[in-house]
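>>> Here is my input; please provide its structure:
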Amino acid sequence: MNKFLKFGIFLLIIFFGVQTFFVENYIPSLLAASVFPLLFLYFLIKIDVFETESFKDIIYVFLFGLVISFFLCIPYVIFREVLFDNYATNLFVCFIAVALPEEIIKIIPFLLVLKYRKFVNEPIDFLIYSSASALGFAFYENINYIIGYSETGNIVAIRSFLPSVMHMVVSSIFSFGIFLYLKSKKIKFIFVGLILASLIHAVYNTLFIIAPIILLIILVYYSKLIQSLLNISPYYDKSKEIKINQAKNFLFFLILAVLILSFSFDLFFNGFNSVLNDPKSYIYLLIVPYFIYNILSSKLVLNKGEFIVFGKKNNLRGIKSEIQNIIMGYYERKS
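Next comes the predicted model:
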C-alpha cells in the first residue's frame with residue numbers, strides 16, 4: 001500500500017504541475033480548493049476525544065483517497081460519458097451513473113485501511129476515516145472542476161466547502177452500514193448503507209437549487225452519529241468529555257475561515273466590484289455556514305451509552321429497532 005501511495009502521489013505532483021501551464025490562476029485556485037478539506041481533516045481529529053487518532057494516519061487516508069480517486073475516476077468518467085446522458089438533472093440516471101460509482105470509489109481506501117491497518121479500533125473511527133477518504137475524493141473532484149470549467153475565486157471556495165461536507169456525510173452513512181455488518185454479520189446493512197448514501201448524493205446533485213437545504217437536513221444525522229458513536233466508545237472516559245468543547249471551538253474557527261477566505265479569494269481573483277455586484281452569494285455564504293455550525297455544535301454533547309441517531313428507542317420499529325439492538329449489544333459487550 002505504501003509503494004502504491006508514493007507512486008500515486010508522484011503522478012499527482014506531475015499532473016498538478018503540468019496544469020500550471022494550461023490553467024489560468026491554477027496555483028491560487030489549487031490552494032483555495034485545498035483549504036477546506038484540510039480544515040475538515042483537523043476537525044475530525046478534534047471530535048475523536050477518547051482515543052485520539054494520529055493526524056499522520058488521517059492524512060494517510062486522505063492521500064490514499066486522493067490517489068485512488070485519481071486512478072479510478074479517469075476510466076469511470078470515460079465510462080459515464082460514453083454510456084449515460086442527462087445525469088446532471090435526471091435523478092435515476094444520476095443515481096446509477098454518478099452517485100453509486102462515486103460512493104464505491106470513496107469507500108475503497110477506507111476498506112483497504114480497515115483490512116490492512118490497525119487504525120480503526122472504535123466506532124467513531126469508521127466515521128473519521130471514511131470522512132477522510134471522502135475528503136480526498138472531494139479534493140480531486142474540486143481540482144477537476146477548476147481545470148474543466150476554469151473556475152476561480154468565490155466559486156472555488158463554495159465548491160470546496162459544500163461538496164466536501166456532502167461527501168463526508170454520505171460516506172459516513174455507507175461506513176456505518178459496514179460497521180453494522182461487522183457487528184451483526186448481516187450483509188443487508190452494507191447494501192442499505194450504499195443505497196441510502198447514493199440516493200442522498202443523487203438528490204443533492206440533481207436538486208441543486210435546494211442542495212444547501214438537503215445538506216443541512218443530512219447534517220442533523222451526521223451530528224447525531226458523531227455524538228452516538230462517541231457515546232458507545234469502549235474508551236469512554238468521563239474526564240475527557242470536556243475535550244469535545246475544543247471541537248466546537250475549532251468548528252467556529254472553520255466556519256469563520258469559510259467566510260474570510262471566500263471573500264479573500266473573490267477579491268483576489270475578481271476585484272472589489274465583483275463583491276459589490278454579487279451580494280446574494282455572500283448572504284448565502286453567511287447563512288449556510290451559520291446553520292452548519294449550529295447543527296453540528298448543538299449535538300456535540302456526550303452522554304455515555306446513549307445512541308440517539310433515530311430518537312427515543314421506545315418508539316423505534318423495523319430496521320431502526322434492529323440497528324438499535326445491534327448497537328446496544330455491541331456497547332454491552334464492550335462495557
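
>>> Only C-alpha atoms from now on, for both contacts and neighbour counts.
Will do.

>>> now stretch 81-90: how far from the chain's centre is it?
Distance of stretch 81-90 from the chain centroid (Cα atoms, centre = their mean, to the nearest Å) equals 24 Å.

>>> In that stretch, which residues are buried?
Using 16 or more other Cα atoms under 10 Å as the test for burial, stretch 81-90 gives residue 87.

>>> tell me how far the ends of it are from each other?
14 Å (Cα to Cα, to the nearest Å).

>>> what's the nearest residue to residue 237 if we skip its chain neighbours?
residue 50 (6.5 Å; Cα to Cα, 6 or more residues apart in numbering).

>>> tell me the secondary structure for the one you found?
coil (DSSP: H, G, I helix; E, B strand; the rest coil).

>>> how close does it sit to residue 243?
9 Å.

>>> hang on, the earlier thing: look up how far residue 61 lies from the residue nearest to residue 237.
20 Å.

>>> Neighbour count for the two, which is higher?
Between residue 50 and residue 61, residue 61 has the larger neighbour count (other Cα atoms under 10 Å), namely 27 against 21.

>>> any idea which element that one lies in?
Per DSSP states H and E: residue 61 is located in helix 55-83.

>>> For the protein, just list every one of the helices.
For the chain, the helices defined by DSSP state H cover 2-19, 26-47, 55-83, 91-94, 100-116, 123-149, 153-184, 188-206, 211-231, 244-270, 272-277, 279-298, 318-334.

>>> Thought residue 240 was touching the residue nearest to residue 237, still the case?
Yes: assessed by Cα atoms under 8 Å, residue 50 is found in contact with residue 240 at 6.5 Å.

>>> need the helix or strand of this protein with the lowest average pLDDT.
helix 272-277 (a mean of 59; mean pLDDT, DSSP states H and E).

>>> so how far is residue 335 from the residue nearest in space to the middle of the chain?
The chain has residue 168 as the residue nearest its centroid, 1.3 Å off, counting by Cα atoms, centre = their mean. Going from residue 168 to residue 335 by Cα to Cα gives 29 Å.

>>> now residue 35
39 Å.

>>> Likewise for residue 82?
53 Å.

>>> Equivalent analysis for residue 5, please.
Remark: distance between residue 5 and residue 335 (Cα to Cα) = 37 Å.

>>> who's more crowded, these two?
Taking other Cα under 10 Å, residue 5 and residue 335 do not tie; residue 5 has more neighbours (18 against 11).
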